[in-house]
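**Q** Requesting a structural model of the entry that follows:
(chains A and B)
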Amino acid sequence: MTTTDPYAGSRETTEGRVYTVTGGDWDLTFGSDPLAEERLVVNMGPQHPSTHGVLRLVLDLEGETVTKARVVIGYLHTGIEKNVEYRTWTQGTTFVTRMDYLAPLFNETAYCLAVEKLLGIEVPERATTIRVLVMELNRIASHLVGLATFGMEMGALTGMTNGFRERELVLDLLEEITGLRMNHAYVRPGGLAQDLPEGIEAKIREFLTIMPERAAGFHRLLTGQPIWQRRLRDVGYLDVTGCVALGVTGPILRSAGLPWDLRKVEPYCGYETYDFEVPTADTADAWGRYLVRMAEVSESLKIIEQALDRLRPGPVMVEDKKIAWPAQLSLGADGMGNSLDHVKHIMGQSMEALIHHFKLVTEGFRVPAGQVYSAIESPRGELGFHVVSDGGTRPFRVHVRDPSFVNLQATAAMSEGGMIADVIAAIASIDPVMGGVDR
Amino acid sequence: MTGAFRTGAFGVTGSGDTSGFGGLVRVEPGGAVALHTTERPYGGWFDEVADALAEAVGQATYDAAVRRVLVDRGEITWFVHREHLLVLLQALRDDDALRFELCSSVSGVDYLDAGGPTGERLHVVHHLTSMTYRRRIRLETAVTADDPHVPSSTRIYPTADWHEREVWDMFGVVFDGHPALTRILMPDDWEGHPQRKDYPLGGVPVEYHDATIPPPDERRSYR
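**A** Next up is the predicted model:
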């Protein structure tokens, strides 16, 4: 069998021959004869409607049974961690928000909590409450997409259309609050970009009355459906031991029965003062994960209501003008922009204010040297930021422990020995977001 | 030494503040992580963990393994020798008084200019979580770029698999004993390790009077 293949380049290294495999050339690469043995290597993705994004799977099959599942990632790598090192601490927010693009507000908050820990500052109470509020709204939106794509990949297309439709309710609210549907850059080191717009509370309360009925619609559509249940039950099994060994957190770990939720066990942003449950299941399979996510939507609604009740007027940014971004954004007829009062002040009244604005925007603020790790519970599990400062105006190193990245490692454990169709269910139940996996 | 102070902007020293607002003078707690060492008592449960760890691996091994301990911003870091990394991790995971069951993250950091006289610029940072006691600690191992070998922790924490591949991919740290240390985010045939601080960033050629945009690290900027 030849090993020269026009599509699969190879080179010799000290560890042996290394192939750059492009797909469709497995027989050449491995020198196996598919007719002589039952082994079939199937390349799936990275462009595939059922792989949850640009995820590539290389599956060894015997008949329809998966004997080996290898996961190939990196197709969405954009070097965010490296890019952040050449931007100011505040600009970092706009980069990290794009990682797990379904949970942007979690990325921002985790990053800002790390920067604030390095700075040794505490944000005003109103800012913290609004962070909780928008994060829980975001959690609902994220879970709805998770359920929608779950439905799509299982062939329940109505699940997808419904999921994306309900998610739009949340995105409309987030757009009104932050100016953008996604990639908000709303949470900033020291607080928030701006306060809540007027009249938003009534709209959120209206959403709180609509959403439970929509969630019930999901239960009517999917939960009781025999096909849905049979596709999910006992599929993608991973128990607590397996989860912890593989570092899996979030709904997957909770579906195995361990109520590990950083909001409860390691509270941040005042979560210890909110009344909510940590939903768990004991099935450790895709079915349990589906139910846990559905239940978490309801719990998030409870938290949003409590956050709304405790909103009191106050600042949403630290008082320290050396950190607080001077933009004073305001919503104009043509969208978000600098407040005209602020522009009038710096351009016409105070040269010092202009200098200060310029310095803070171009140079940024300095962060005392050191390193911290801050972790929060994102919709997919533990989202951790390891941030190192060398005392400069830019991050020295930002490493993101993205839950999707870690959870995706469980693919092989969940799907080897099962049917190829169940691989799809297993991955859909992991709910990875490739933007976060590849960063 | 790990991490260096950057001072001044465009040659300005001090706070670099020319705005007239002045007020901010920051004291750097613990300095640049650097050569600072925290002496006993560390405070809180940090001492319990240190005692339990010393007991689990034996005081002699503990003394040989730990270079120094740093407590900063409520987080504790053990700077350890790579030869003893696995012994410590095994004890941290299995000992009843420690129980760091979850390896949250393994990340690399390149302290290029601050490698110190030995040039140990590449750091591998393990973040461990104890789900039983709800504690978090950090283990940091430093190696040189010429001899970037660190034992793989995948046998103790299977989750470290992809983390270590990423650190290899981005920083070129070789994890001995890793089952398949290949690139994970960059293409298989990529050359170099992009998140090293001396990795060339390249500029963008612009077709205007032969002008090019300099790479980000060579542009005029505040430091």
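**Q** what about the strands in the stretch 101-250 of chain A?
**A** Along the stretch 101-250 of chain A, the stretches classed as strands by DSSP state E, counting those that start in this stretch are A:187-188, A:191-192.
**Q** among those, which is the most enclosed?
**A** strand A:187-188 (a mean of 28; mean count of other CB atoms under 10 Å in any protein chain shown). (C-beta placed from N, C-alpha, C; glycine too.)
**Q** contacts for that one?
**A** A:90, A:93, A:105, A:108, A:109, A:112, A:131, A:134, A:193, A:317, A:325 (CB atoms under 8 Å, 6 or more residues apart in numbering or on different chains).
**Q** Now for the closest residue to chain B within the stretch 101-250 of chain A, how many residues are close by?
**A** Proximity of the stretch 101-250 of chain A to chain B (CB to the nearest CB) peaks at residue A:247, 2.8 Å away. Residues lying near residue A:247 (other CB atoms under 10 Å in any protein chain shown) number 30.
**Q** My read is that it contacts residue B:103, right?
**A** Yes. With contacts counted by CB atoms under 8 Å, residue A:247 reaches residue B:103, the gap being 6.1 Å.
**Q** shaky segments in chain B?
**A** Residue ranges of chain B with pLDDT under 70: B:1-35, B:114-118, B:220-223.
**Q** hang on, I meant chain A
**A** Using pLDDT under 70, the flagged stretches of chain A are A:1-8, A:21-37, A:326-337.
**Q** Is the residue lying closest to residue B:57 once chain neighbours are set aside within a helix or a strand, and which one?
**A** When the adjacent residues along the chain are set aside, residue B:57 lies closest to residue B:91, with 4.9 Å between them (CB to CB, 6 or more residues apart in numbering or on different chains). Assigned by DSSP states H and E, residue B:91 falls within helix B:85-94.
**Q** buried residues in that helix?
**A** Judged by neighbour count (16 or more other CB atoms under 10 Å in any protein chain shown), helix B:85-94 contains these buried residues: B:85, B:86, B:87, B:88, B:89, B:90, B:91, B:92, B:93.
**Q** hang on, the earlier thing: for the residue nearest to residue B:57, give me its contacts.
**A** Contacts of residue B:91 by CB under 8 Å, 6+ apart are B:53, B:56, B:57, B:98.
**Q** Quickly name whichever of these is closest to residue A:10.
**A** residue B:57 (44.0 Å; CB to CB).
**Q** Would you list the phi and psi of residue B:176?
**A** phi -70, psi 130 (degrees, to the nearest 10).
**Q** I'd assumed residue B:147 was in contact with it.
**A** No. Contact criterion CB under 8 Å: residue B:176 and residue B:147 do not qualify, at 11.3 Å.
**Q** Mutual contacts of residue A:247 and residue B:103, please.
**A** What both residue A:247 and residue B:103 touch, as defined by CB under 8 Å, 6+ apart, is the set B:157, B:159, B:160.
**Q** Now the phi/psi pair for the residue nearest to the last one when sequence neighbours are not counted, please.
**A** Sequence neighbours aside, residue B:153 is the residue nearest to residue B:160 in space, at 4.6 Å (criterion: CB to CB, 6+ apart). Backbone torsions of residue B:153, given as degrees, to the nearest 10, read phi -100, psi 10.
**Q** residues in contact with residue B:153?
**A** Taking CB under 8 Å, 6+ apart as the criterion, residue B:153 is in contact with B:85, B:86, B:89, B:103, B:106, B:126, B:160, B:164, B:175.
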